[in-house]
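> Got a sequence here, can you build the structure:
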Amino acid sequence: ALEYASDGFKNDPYIVLESVQQNGEALKYASNQLQDDVKFILEAIKQNDGAMNYASALVQRTIRNGYPLEEEISDEDVVLEAVKQNGLALQHASDELKSNDKFVLEAVRTNPVALLHASSELQNNTNIIIEAACSSQPHSPKWLRSCH
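Numbers count the residues shown, from 1 in each chain. Alright, predicted model coming up:
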């Protein structure tokens with residue numbers, strides 16, 4: 001339905017998120033402004049992970065490559081979805097989330113280098129270090145590759 005909506009509706013974050021929740025493909029009909037908004041896209045991904053396919057190319061690269069955002073993000077659901085796409089997104093999380101083992105584990109599972117952005121306490125956590133080592137499978141010793 002968003003496809004046939006007015007430009008005003010296509011630029012309304014609430015309406016677009018409701019549409020995306022029903023169908024991730026709806027994001028392709030959202031305004032360019034919303035498709036270029038990293039925080040909005042992360043929220044859309046939280047509603048429906050298929051939405052990532054319809055974000056602008058720049059936003060997709062930003063999320064996948066962990067490029068810097070203007071400010072840290074503290075919304076737990078948004079950060080969790082971001083680190084599931086790319087662990088390096090942890091660098092944009094609040095200090096509180098960088099100290100949360102659940103978020104750091106998800107981050108190092110998708111990119112072991114994310115460990116560098118965890119709190120110093122979690123950088124010394126045995127379980128997280130093992131998970132990071134397991135995630136770097138191509139370069140890890142053979143006994144670590146089967147640790148999952």
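> From here on, just use CA atoms for contacts and neighbour counts.
OK.
> what's around N23, how many residues?
Neighbour count of N23, defined by other Cα atoms under 10 Å: 15.
> correction: G8
Neighbours around G8, by other Cα under 10 Å: 10.
> for the one 10 residues further on, same thing?
Using other Cα under 10 Å, E18 has 15 neighbouring residues.
> Next one: it from A44, what distance?
9 Å (Cα to Cα, to the nearest Å).
> Report the buried residues of stretch 99-106.
99, 101, 103-106 (16 or more other Cα atoms under 10 Å).
> follow-up on the earlier one: now do the shared contacts for E18 and A44.
Taking Cα atoms under 8 Å, 6 or more residues apart in numbering as the contact rule, E18 and A44 have no neighbour in common.
> List of residues touching stretch 47-60?
By Cα under 8 Å, 6+ apart, stretch 47-60 touches 17, 20-28, 32, 35-38, 41, 44-45.
> Give me the PyMOL select line for those residues, limited to the buried ones.
Of the contacts of stretch 47-60, the buried ones can be selected in PyMOL as follows, counting by 16+ other Cα under 10 Å:
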select buried, resi 17+20+21+24+25+26+27+28+35+36+38+41+44+45
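> so of the contacts of stretch 47-60, which ones are in helices?
Within the contacts of stretch 47-60, residues falling in helices by DSSP state H are 17, 20-22, 32, 35, 38, 41, 44-45.
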